[in-house]
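1. I need the structure of the sequence given here:
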Amino acid sequence: MNNSKLSIKEKIGYALGDGAANIAWRGVATFLFIFYTDVFGLNPAAVGLLMLVARSSDGISDVLMGIVGDRTQSKYGKFRPWILWTAIPLGGILSLLFTGPELSMTGKIVYAYTTYILFTLIYTANNIPYGALMAVMTGDNAERTALGSYRMVGAFGGGMLVQGALLFLVAYFGNVNPNIDISKLDTEKFRVTVSAPQAVANANIKTDNGIAMFTWADAAIDDTTNVPTQGKSFKIEADKDYSFIIEGEKDLIAEDISIINQKKGYSYSIYVMSIILALIMFVTFYTTKERIHPPKEQESDLKRDLKDLIKNKPWLVLLVIGLLFNVYNSIKQGITVIYFSHYLHDQLLAASFLVALMIASIGGAMITAPLGKKLGKRKLFIYALIFSGAVNALFIFCGPENVGAIFTIGIISEFAAAIFPTLFFAMLGDAADYSEYKNGRRATGLIYSAGSFATKFGGGIAMAIVGWVLAMYHYDGFDSVAIQGAIPGIKMLMSWIPTVIALIAAGLMTIYPLTQTKLDEMSLELNARRAKE
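-> So this is what the prediction gives:
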């Protein structure tokens, strides 16, 4: 049973769990920053600090969850029950993250800190046991790598669902249905007056193709802040008229103009995603099984488990590498919607871009197992980091009109980047085997705490970087002029800043000690020990 081959049904069931988790994780990584700044009205530097501080305790909570998971005793096993117990709470707290109550600025910050910290804690209680489950479903090294590929396909599928569908759902649920009156002033110049039946704290108006330039029609002639921008963000009072001069498009009609209530759109869309998340988690629980157990003679000894952990060199290296590649990926995810909204002026195009990246990610995850078998996990990890980072740097040369190049660079870079997490979680299983091989003890949940810590704290560092860079360029999601002034910072965050981090990670990966030869040696020895039990 220790080295049993897993059925396709069980592999898919396990993979769905990471699909559900990524509805939460990628939804937060991709959309929460722009929700906080452009909808909830928080300063980008404050958002970056919030995300860094909220995740600074993750190392403690992740280790504690690993310890709790290793010591959980139930008829369902050690790790599976946590997937069941946390399914509904995770969906609930995700919904609260994107529910922006009307509060003072201090109240908003307190609300954001409270809900975000609760999210990270509940995600920890779900994701560490989920990750550890991989290592106890089978003891076969190759089967575990294959399971890792299934897992990443599931993860990217969940990411594709939330990243591809959310912005369209926002447009659907957030549609204000405004009254629009258009007067033609010239061939490509129009006066447009809009009103809405309900008040909207932060509405966004633009033309469907995002080309037209907006200025306020009734502003003073000497108003230097009323510069043309591709769309405007503004507060709507119910049944009040707002007038714009729109230039740059021919034959403009009312159907070409949309006004989106971003708060309502984001909140309702996430509510739908949260329900889907919880239902999928139940499927994972009912389709998986635990087979690998600690050695029978192993006694509970937390002090020794922690001592073994800090002496586990493969685990220590993976902890740092995981942190770095999650910073790399999270910066890219966190800036993408802002990049498309304010540099390309086409927010819905971001959905197509993110779906294209998810498809590329699935391809990268699927090819990881055969490439890992041919090259070895360590070499493949190094090559993927260098290649993905180098390609990603090319974004700096792209202008708003280079849509084809932007998609091509993103797809190629993401194909290689998908190899990182696929290898990482399989290699954590190898680190657990190494501990058992070296010390005769196994603390799988504790080992897998590195995965959750690296994911969450790496994302926190990434969002802090995004917030600080945007703050340096005075980004303000409610001010169209300030947004345009922050474009150089947005381009840097999309291009060479992540690249530097990927190259540092590639250099550190060279000291990872578990070569394929060592893994084969460990597998033979552990199988021999388990056969005697």
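
2. now do the strands in the stretch 1-150 of the chain.
-> With DSSP state E, counting those that start in this stretch applied, the stretch 1-150 of the chain shows no strands anywhere along its length.

3. in it, what spans have low per-residue confidence?
-> Scanning the stretch 1-150 of the chain for pLDDT under 70 picks out the ranges 1-4, 58-59, 141.

4. convert the C-alpha atoms of stretch 343-358 to PDB, please.
-> What follows is stretch 343-358 as a C-alpha-only set of coordinates in PDB (Å, rounded to 0.1, in the frame of the first residue of the first chain):
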ATOM      1  CA  TYR A 343      -1.400  51.100 -19.100                       C
ATOM      2  CA  LEU A 344      -3.300  49.200 -21.800                       C
ATOM      3  CA  HIS A 345      -6.600  50.800 -20.700                       C
ATOM      4  CA  ASP A 346      -8.500  47.600 -21.200                       C
ATOM      5  CA  GLN A 347      -9.300  45.800 -17.900                       C
ATOM      6  CA  LEU A 348     -11.300  43.000 -19.500                       C
ATOM      7  CA  LEU A 349      -8.300  42.200 -21.700                       C
ATOM      8  CA  ALA A 350      -6.600  41.300 -18.500                       C
ATOM      9  CA  ALA A 351      -9.000  38.400 -18.100                       C
ATOM     10  CA  SER A 352      -8.000  37.000 -21.500                       C
ATOM     11  CA  PHE A 353      -4.400  37.400 -20.600                       C
ATOM     12  CA  LEU A 354      -4.700  35.600 -17.300                       C
ATOM     13  CA  VAL A 355      -6.600  32.800 -19.000                       C
ATOM     14  CA  ALA A 356      -3.900  32.500 -21.600                       C
ATOM     15  CA  LEU A 357      -1.300  32.300 -18.800                       C
ATOM     16  CA  MET A 358      -3.300  29.600 -17.000                       C
END
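
5. residue 5: how many residues sit nearby?
-> Using other Cβ atoms under 10 Å, the number of residues around residue 5 comes to 11. Quick note: C-beta positions are derived from backbone N, CA and C, even for glycine.

6. mind listing what it touches?
-> Residue 5 is in contact with 138, 140, 143, counting by Cβ atoms under 8 Å, 6 or more residues apart in numbering.

7. among those residues, name the ones in helices.
-> Among those, the subset assigned to helices under DSSP state H consists of residue 143.

8. scan the contacts of residue 5 and report the most crowded one.
-> Counting by other Cβ under 10 Å, top hit in these: residue 138 with 23 neighbours.

9. and it, its phi and psi?
-> When read as degrees, to the nearest 10, the backbone of residue 138 gives phi -160, psi 150.

10. with residue 100 instead?
-> According to degrees, to the nearest 10, residue 100 has phi -100, psi 90.

11. cool, and residue 182?
-> Here is the backbone geometry of residue 182 (degrees, to the nearest 10): phi -120, psi 130.

12. and residue 56, by the same measure?
-> Dihedral angles of residue 56 (phi, psi; degrees, to the nearest 10) stand at phi -70, psi -20.

13. for it, give me its contacts.
-> 457, 460.

14. how far away is it from residue 46?
-> Using Cβ to Cβ, to the nearest Å, we find residue 56 at a distance of 16 Å from residue 46.

15. ditto for residue 445
-> Distance from residue 445 to residue 46, counting by Cβ to Cβ: 34 Å.

16. those two: which is more packed in?
-> Of the pair residue 445 and residue 46, residue 445 is the one with more neighbours under other Cβ under 10 Å, namely 29 against 17.

17. the more buried one against residue 63, yeah?
-> No - if you go by Cβ atoms under 8 Å, residue 445 and residue 63 don't touch, sitting 9.5 Å apart.

18. and of the contacts of residue 5, the nearest to residue 283?
-> Nearest to residue 283 out of these is residue 138 (Cβ to Cβ; 19.6 Å).

19. I figured the closest one hits residue 147, correct?
-> Yes - assessed by Cβ under 8 Å, residue 138 is found in contact with residue 147 at 7.0 Å.

20. overlap in contacts of these two?
-> Overlap of the contact sets of residue 138 and residue 147 (by Cβ under 8 Å, 6+ apart) consists of residue 6.

21. does residue 441 count as helix, strand or coil?
-> At residue 441 the chain is in coil, as set by DSSP: H, G, I helix; E, B strand; the rest coil.

22. report whether the expected contact of it with residue 306 is present.
-> No - contact criterion Cβ under 8 Å: residue 441 and residue 306 do not qualify, at 11.4 Å.

23. now do the helix or strand harbouring residue 526: which elements does it pack against?
-> Assessed by DSSP states H and E, residue 526 sits inside helix 516-532. Judged by 3 or more Cβ pairs under 8 Å, 6 or more residues apart in numbering; DSSP states H and E, helix 516-532 is in contact with helix 141-173, helix 419-439.

24. can you give me the buried ones in the first one?
-> This means helix 141-173. For helix 141-173, the neighbour count (16 or more other Cβ atoms under 10 Å) marks 141, 143-167, 169-171, 173 as buried.

25. can you check the shortest one too?
-> Neighbour counts over helix 419-439 (16+ other Cβ under 10 Å) mark 419-437, 439 as buried.

26. now do whichever helix or strand comes after it: distance to the chain's middle.
-> Going down the chain from helix 419-439, the next helix or strand is helix 444-472, by DSSP H and E. Centroid separation for helix 444-472 versus its chain: 10 Å, with Cα atoms, centre = their mean, to the nearest Å.

27. tell me the spacing between residue 293 and residue 32.
-> Applying Cβ to Cβ, the value for residue 293 to residue 32 is 38 Å.

28. among those two, which residue is more densely surrounded?
-> Set residue 293 next to residue 32 and count neighbours by other Cβ under 10 Å: residue 32 wins out with 23 against 16.

29. spatially, what comes nearest to the more buried one if we skip its sequence neighbours?
-> In space, and not counting its chain neighbours, residue 32 is closest to residue 97: 6.3 Å by Cβ to Cβ, 6 or more residues apart in numbering.

30. between helix 141-173 and the helix or strand encompassing residue 283, find me the angle.
-> Using DSSP H and E, residue 283 falls within helix 262-287. Angle between the axes of helix 262-287 and helix 141-173 is 150 degrees (criterion: axes from the mean of the first three to the mean of the last three Cα atoms, to 10 degrees).

31. buried residues in helix 262-287?
-> Under 16+ other Cβ under 10 Å, the buried positions of helix 262-287 are 262-271, 273-274, 276-278, 280-285, 287.

32. just stretch 110-120 next, same as before
-> So, applying 16+ other Cβ under 10 Å, buried residues of stretch 110-120: 111, 112, 115, 116, 117, 118, 119, 120.

33. nearest to residue 464 among those?
-> Distance to residue 464 across those (Cβ to Cβ) is lowest for residue 116, with 13.0 Å.

34. okay, the closest one and residue 380: tell me how far apart.
-> In terms of Cβ to Cβ, residue 116 sits 34 Å off from residue 380.

35. please apply the same query to residue 446.
-> To residue 380, residue 446 is 26 Å away according to Cβ to Cβ.

36. comparing the two, which residue is more hemmed in?
-> Of the pair residue 446 and residue 380, residue 446 is the one with more neighbours under other Cβ under 10 Å, namely 28 against 21.

37. what's the neighbour count on the residue nearest to the more buried one when sequence neighbours are not counted?
-> Take residue 446 and drop its neighbours on the chain: the residue closest to it by Cβ to Cβ, 6+ apart is residue 66, 3.8 Å away. Residues lying near residue 66 (other Cβ under 10 Å) number 28.
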